[in-house]
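Asker: Show me the folded form of this:
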Amino acid sequence: MKKILTFMALVLFCIPVVSASIITNTNQSAVFVRMLSRNASMEIDAVYYNPAGLTQLENGFHVAIYNQTITQEKKVINAYPFLNQDTYIGEVNVPFFPNFYAVYKKDKLALSFGFGPNGGGGEADFADGLPSFEIPFTGLPARLTDMDLPTTAYSADLSFTGSSIFYGFQVNGSYAINEMIAVAAGVRYINAVNTYEGSINNIMINPTGAMLPAVDFFNAIGQPGYAAMVSNKAVDVKQTATGITPLLSLNIRPNDNLNIGIKYEFNTKLELVNETTADDIGIFPDGEKTRNDIPAILSFGLEYAIIPELRASVSANYFFDKNADWDGAEEFVDSNTYDIAFGFEYDLTKTILLSAGYLRTQLALSEEYQSDFSHELTSDTFGFGGRISAGENFDLDLGGLFTSYLEAERTFTDPNPLIGPYLEKYQRSNWLFTIGLGYHF
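Answerer: Below you'll find the model as predicted:
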């Protein structure tokens with residue numbers, strides 16, 4: 001159980017900033033942000049989405065750099081009757097979410113490199129902590145009252161901040177077998193770093209009518225056990241891991257109007273190791289290892305030119321969450337995650353194009369999975385944007401997206417029959433803006 005709780009902390013702060021799988025980020029280019037369907041890409045972001053499609057580029061060097069700015073709000077609403085508040089908000093602000101791609105194409109061969117945050121990428125700050133941090137202290141007034149020390153109130157200073165970044169460094173080799181079929185193989189090196197800092201400080205009670213430090217009061221009445229329970233507590237942990245993701249890609253282009261991309265990424269074994277400075281809550285022992293795999297992914301994409309100026313695309317991803325090793329937490333996944341996206345591009349002029357897209361991410365998690373530590377939600381994402389081309393060699397991509405999440409909830413049952421069952425709800429919203437520069441020479 002301790003390892004499952006640890007994994008839930010990992011998931012809470014391994015923040016996929018566009019909903020995809022429980023671990024993976026799929027927002028890996030500015031072009032994706034503005035149309036949300038890139039699995040049949042034949043442009044430079046195919047380094048990530050469709051490596052075999054790079055054989056469709058013109059001969060020469062191609063480079064692109066993108067950045068995304070992201071804001072996300074995570075909200076937990078808890079109906080436990082003795083909490084001082086019912087709503088806890090986590091703020092995620094990511095000013096820099098970079099991607100870089102480089103390709104050399106010569107006739108039938110393309111060699112490429114990619115860099116980006118394949119998981120995580122943000123920092124979540126719960127300034128008031130979480131309900132599960134506070135509930136253990138809500139019983140102090142009743143406990144003291146039962147000791148003939150009438151008490152009506154408590155307070156505590158709670159906070160928790162976590163950051164996570166899984167940087168991916170990818171290389172691919174792509175080869176055109178003929179004019180219609182191309183293949184590619186690649187490997188991605190993952191470097192994962194998580195950090196957690198939290199505190200429970202200044203627990204106060206009012207058995208004398210005025211608020212006073214709980215630890216001092218319990219020591220004064222000869223209750224060292226209670227004093228230890230209400231003393232200040234801290235968490236300060238860094239976790240690191242590395243892993244390798246092999247991947248295979250196939251591109252099929254039957255004619256000039258239709259392109260199909262298929263890609264398979266293998267499961268990435270990640271074993272995070274704790275470097276613990278403080279762990280007063282006892283779930284991050286120094287040196288302990290925790291499995292936090294990135295699941296295998298099967299991707300499919302299709303792009304079709306309806307008319308020369310208008311292109312439509314569809315993409316789908318299937319994430320093998322149940323086959324990943326999450327130290328037992330994968331047992332709470334009812335079925336694997338999938339998403340499906342539709343995108344459109346329209347050439348307004350020779351130098352300006354507009355685009356839009358829609359992405360649905362469908363998760364199936366048991367109620368036991370959801371908690372204030374770890375809640376993942378089915379979502380709908382809407383993207384928009386465009387491109388400005390300066391001559392044949394330079395492109396400027398701009399885009400934005402908004403993600404709407406479906407609310408989830410879980411019923412907890414307190415062992416005290418006077419409290420019984422109570423409901424906890426999970427809500428989230430997400431905004432993202434991007435800019436990208438591409439150059440071909």
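
Asker: so residue 194 sits in a strand?
Answerer: Yes. Under DSSP: H, G, I helix; E, B strand; the rest coil, residue 194 sits within a strand.

Asker: pretty sure it contacts residue 124?
Answerer: No. Here residue 194 does not reach residue 124: they are 11.3 Å apart, not a contact under Cβ atoms under 8 Å. For the C-beta atoms, the positions are set from N, CA and C on the backbone; glycine is no exception.

Asker: Looking at these two now, which is surrounded by more residues?
Answerer: Neighbour tally, residue 194 and residue 124, criterion other Cβ atoms under 10 Å: the higher count belongs to residue 194, 24 against 20.

Asker: Would you mark the buried spots in the helix or strand hosting residue 402?
Answerer: Element membership for residue 402, per DSSP states H and E: strand 394-405. Using 16 or more other Cβ atoms under 10 Å as the test for burial, strand 394-405 gives 395, 397, 398, 399, 400, 401, 403, 405.

Asker: measure the fourth one to residue 305 for me?
Answerer: Right, the one you point to is residue 399. Going from residue 399 to residue 305 by Cβ to Cβ, to the nearest Å gives 21 Å.

Asker: all helices in the stretch 101-250 of the chain, in order from the N-terminus.
Answerer: 131-138, 140-146, 214-220, 224-229 (DSSP state H, counting those that start in this stretch).

Asker: Give the buried residues for the last one.
Answerer: It refers to helix 224-229. For helix 224-229, the neighbour count (16+ other Cβ under 10 Å) marks 226, 227, 229 as buried.

Asker: can I get the CA coordinates of it in PDB?
Answerer: What follows is helix 224-229, C-alpha atoms only, in PDB (Å, rounded to 0.1, in the frame of the first residue of the first chain):
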ATOM      1  CA  PRO A 224       3.800  12.800  24.300                       C
ATOM      2  CA  GLY A 225       2.100  10.500  21.800                       C
ATOM      3  CA  TYR A 226      -0.400  13.200  20.800                       C
ATOM      4  CA  ALA A 227       2.400  15.800  20.900                       C
ATOM      5  CA  ALA A 228       4.400  13.800  18.300                       C
ATOM      6  CA  MET A 229       1.300  13.400  16.100                       C
END
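
Asker: Can you get me the centre-to-centre distance for that helix and its chain?
Answerer: In this view, helix 224-229 has its centroid 38 Å away from the chain centroid, taken as Cα atoms, centre = their mean, to the nearest Å.

Asker: what's the model's confidence in that helix, averaged?
Answerer: On average, the pLDDT along helix 224-229 is 90.

Asker: Counting by contacts, list what that helix packs against.
Answerer: In terms of contacts (3 or more Cβ pairs under 8 Å, 6 or more residues apart in numbering; DSSP states H and E), helix 224-229 is packed against helix 214-220.

Asker: ok, residues contacting the helix it packs on?
Answerer: Outside helix 214-220, the residues within contact range by Cβ atoms under 8 Å, 6 or more residues apart in numbering are 140, 154, 203, 204, 205, 207, 224, 226, 227, 230, 231, 232.

Asker: Which member of those residues is positioned nearest residue 40?
Answerer: Residue 40 has its nearest neighbour among those in residue 232, at 55.1 Å by Cβ to Cβ.

Asker: can you pull the contacts of that closest one?
Answerer: 199, 200, 201, 202, 215, 280.

Asker: How much space separates the fifth one from residue 173?
Answerer: Applying Cβ to Cβ, one obtains 62 Å for the distance of residue 215 from residue 173.

Asker: Quick check on the two: which one has the bigger neighbour count.
Answerer: It is residue 215, of residue 215 and residue 173, that has more neighbours when counted by other Cβ under 10 Å, with 20 against 15.
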